[in-house]
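[1] Just to be clear, the model below is a prediction. Sequence and coordinates:
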Amino acid sequence: MSRLRLLVLVAGAGTLLAGMQGGAAARTGTVPDPPASGIGETRALELLSVAAQAGRTRTYRGTQYVSTWRADTASSDVADIRHTPATGSVVQVRPTADRTEPADDAQSVTSATDLDVRLLQLLADHYQLQQAGNERCTGRTAHVVEALRPGVDGPAAVAGRFWVDAASGLVLRREVFDTGGRLVRSSAFTDLTIDPAPHAAGSASPAGASSPVALAAAPGALPTDALDALRRDGWQIPADLTGDLQLFDARVRSHDGRQVLHLSYSDGLSTLSLFAQRGRLGSGPMHGFAKQKVGSAGSAPVWVRTANPERVVWGGGGQVFTLLSDAPPESVRAAVTALPHDRAPRTGLLARLQRGLARLGSWLNPFG
């Protein structure tokens, strides 16, 4: 999906936000255990594979809301989205009145249809997939695919849902839940127009038996030997964070004349981008961020902004880390704790990093 290109005022997200969490949360209870493998899981993965293709090959336009819930923060955006295979997606969005961020802090809005084909295998590895019947969504018939978190002492619980349009294969709605069953992210089209298109070779066909797409590196991603060389040079490049979020993309960028390492992690449902650069984080406050403690009492604080995506900044091991993620809060906290932390603040990159946060946000798409 193309990066955010144009900002316009779009009103009305507050009413969508007010009614969404209560209705969706009522459906977050445990569900019967699905078959461990077989036709149900295969069919679910086929539907998501088709959806990933359709999101790139179909021409469509519509209005979508995106709502997120953190510990004490709820936010909602409404966006007009236009997509063609030739030009990609153009998103017109403006944060609504229930946001607390400054108006000039543009937030990333990812279309519900934007399903990364590289993450389907990660999704299947971490969750049990099943087709959970059909429902009406956006005035269309949709196949409901559920990703279930295996239960330790009881039945599996819903971790995510996808509503896949039966006619076009596009994802009409997506939901993600935390380990406590609380809805943390929801996106859906309130209206959608899909241009008719023949199902040519290589395009999506919801009726076909598309083969699941295996995890593969994107153009520009660093190969394994390059990652090993960076590790030997002192860069922190964990193969996974919290045991569930696995490294699927790594690349080196340049910002303000400095080398920035960009690592992307996912479990198939949520993503986490970790940026690292050499230096020490300064001791002054960061505008718009709250200071919090993580890990041991002797660790230096981290700076947190509970926006969409959530942002965490801290220093450790001679590097400054900036983490941006749409993962549930407990996954973000665990990832931050797993990485190095300085025990005392020092003068350094704070001011420059503050200026560069918007640039880092523009790099969230690892394809870009």
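    Received it, and whenever you're ready, just let me know what you need.

[2] only C-alpha atoms for contact and neighbour calcs from this point on.
    Will do.

[3] Where in this protein is the helix or strand with the lowest mean pLDDT?
    In the chain, no helix or strand scores lower on mean pLDDT, DSSP states H and E than helix 13-25, which sits at a mean of 38.

[4] after it comes which helix or strand?
    Using DSSP states H and E, the helix or strand that directly follows helix 13-25 along the chain is helix 39-57.

[5] Quick check: can you name the pairing partners of the helix or strand just after that following helix and their directions?
    Helices and strands here follow DSSP H and E; after helix 39-57, the next one along the chain is strand 60-69. Strand 60-69 pairs in its sheet with strand 74-84 (antiparallel), strand 183-194 (antiparallel), by DSSP bridges.

[6] Can you list the buried residues in strand 60-69?
    Going by neighbour count (16 or more other Cα atoms under 10 Å), the buried part of strand 60-69 is 60, 61, 63, 64, 65, 66, 67, 68, 69.

[7] If residue 192 is in a bridge, with which residues?
    Here residue 192, judged by DSSP bridges, has bridge partners residue 62.

[8] quick one: it from residue 55, how far?
    13 Å (Cα to Cα, to the nearest Å).

[9] again with residue 155
    With Cα to Cα as the criterion, residue 155 and residue 55 are 33 Å apart.

[10] Comparing residue 192 and residue 55, which residue is more hemmed in?
    More crowded of residue 192 and residue 55, by other Cα atoms under 10 Å: residue 55, with 29 against 19.

[11] buried stuff in stretch 77-86?
    For stretch 77-86, by 16+ other Cα under 10 Å, it's 77, 78, 79, 80, 81, 82, 83, 84.

[12] before we move on, back to that, just curious, which of the buried residues of strand 60-69 is nearest to residue 258?
    Nearest to residue 258 among those is residue 68, at 32.9 Å by Cα to Cα.

[13] Do I have it right that the closest one meets residue 175?
    No: counting by Cα atoms under 8 Å, residue 68 stays clear of residue 175, with 9.9 Å between them.

[14] List the residues that are in contact with both of the two.
    Jointly contacting residue 68 and residue 175 under the rule Cα atoms under 8 Å, 6 or more residues apart in numbering are 184, 185, 186.

[15] and after the helix or strand containing residue 122, which helix or strand comes next?
    Take DSSP H and E as the rule and residue 122 turns out to sit in helix 120-126. Later in the chain than helix 120-126, the nearest helix or strand by DSSP H and E is strand 128-137.
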